[in-house]
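Asker: One predicted model, sequence on top.
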Amino acid sequence: MYELKDIAKIDRIVLAASVLVIFVIAFVVAQNMIAGSSNFNKELFSFKSGSVILIDENLNFRSPDKVEAKDNLVINLKKGIYYWKVEDAIPAEDVVQLEIKDSAASLKLKKSNEGYDVVNFGNSTLNVDVYSSGKFTGSVILGGGDAGEVSGIVTIGGENE
């Protein structure tokens with residue numbers, strides 16, 4: 001039969017193991033939330049090919065703004081929901097839905113080896129919801145922007161209440 005001090009030791013071991021398991025689970029969940037919901041100071045999204053970007057407030061692209069993709073181009077988007085696709089991408093790129101929650105966002109195209117990265121150009125942190133093919137892919141938090149060279153500026157959109 002177990003003595004009282006043996007039971008107390010077993011209780012302490014079980015308690016310590018339980019606390020350790022809870023800590024590990026909390027750590028793993030926190031890391032997954034950070035990795036899955038934000039890309040602080042990274043690109044918002046990328047596209048691999050194409051030279052003409054269509055940006056519209058309508059998913060059907062009834063009257064899109066056409067923007068020629070070029071390195072260091074800044075695209076200013078006012079508060080609202082926008083749909084973005086590359087017109088001449090091969091293979092076709094998914095439609096990306098951006099919801100600009102702040103009063104405005106300044107996004108910059110940065111040429112990469114694989115196409116273009118879309119990054120934050122403004123000084124403020126951006127919180128943007130991104131949808132691809134109608135499916136929510138995550139909330140992205142982009143830190144203060146890239147203050148480098150600018151090859152042009154395009155402003156799109158109005159208040160979308």
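Answerer: Noted; the coordinates are in hand. Numbering: from 1, shown residues only.
Asker: ranges for the helices of this structure?
Answerer: Using DSSP state H, the helices of the chain run over residues 4-37.
Asker: so where's it uncertain?
Answerer: Scanning the chain for pLDDT under 70 picks out 1-2, 29-42, 90-92, 102, 123-124, 127-129, 132-134, 143-148, 151, 158-161.
Asker: Break it into its domains for me.
Answerer: Using automatic domain parsing, the domain parsing of the chain gives 1-37, 45-156.
Asker: now those domains as JSON lines including mean neighbour count?
Answerer: Where you see a C-beta, it was placed from the backbone N, CA and C, and this is true even at glycine. Output for the domains of the chain, formatted as JSON lines (neighbours: other CB atoms under 10 Å):
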{"stretch": "domain 1-37", "mean neighbour count": "10"}
{"stretch": "domain 45-156", "mean neighbour count": "16"}
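Asker: Ser63 touches Asp56, doesn't it?
Answerer: Yes. If you go by CB atoms under 8 Å, Ser63 and Asp56 touch, sitting 6.6 Å apart.
Asker: how far away is the residue most central in space within the chain from Leu77?
Answerer: The centroid of the chain falls nearest to Val140 when counting by CA atoms, centre = their mean (2.9 Å). Distance from Val140 to Leu77, counting by CB to CB, to the nearest Å: 14 Å.
Asker: now Ile55
Answerer: According to CB to CB, Ile55 and Leu77 sit 8 Å apart.
Asker: Can you check which residues contact both of those two?
Answerer: Common neighbours of Ile55 and Leu77, counting by CB atoms under 8 Å, 6 or more residues apart in numbering, are Ile156.
Asker: Strands of this protein, start to end?
Answerer: With DSSP state E as the criterion, the chain has strands at 45-47, 52-56, 65-68, 73-86, 96-112, 115-120, 126-132, 135-142, 152-156.
Asker: Kindly present those as a markdown table, with separate columns for distance to Ile22.
Answerer: Written out in a markdown table, the entries for those read as follows (distance: least, CB to CB, whole Å):
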| stretch | distance to Ile22 |
| --- | --- |
| strand 45-47 | 36 |
| strand 52-56 | 46 |
| strand 65-68 | 50 |
| strand 73-86 | 40 |
| strand 96-112 | 34 |
| strand 115-120 | 36 |
| strand 126-132 | 30 |
| strand 135-142 | 27 |
| strand 152-156 | 48 |
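Asker: and of the ones you listed, who's closest to Ile25?
Answerer: Shortest distance between Ile25 and these, using CB to CB, is found for strand 135-142: 21.9 Å.
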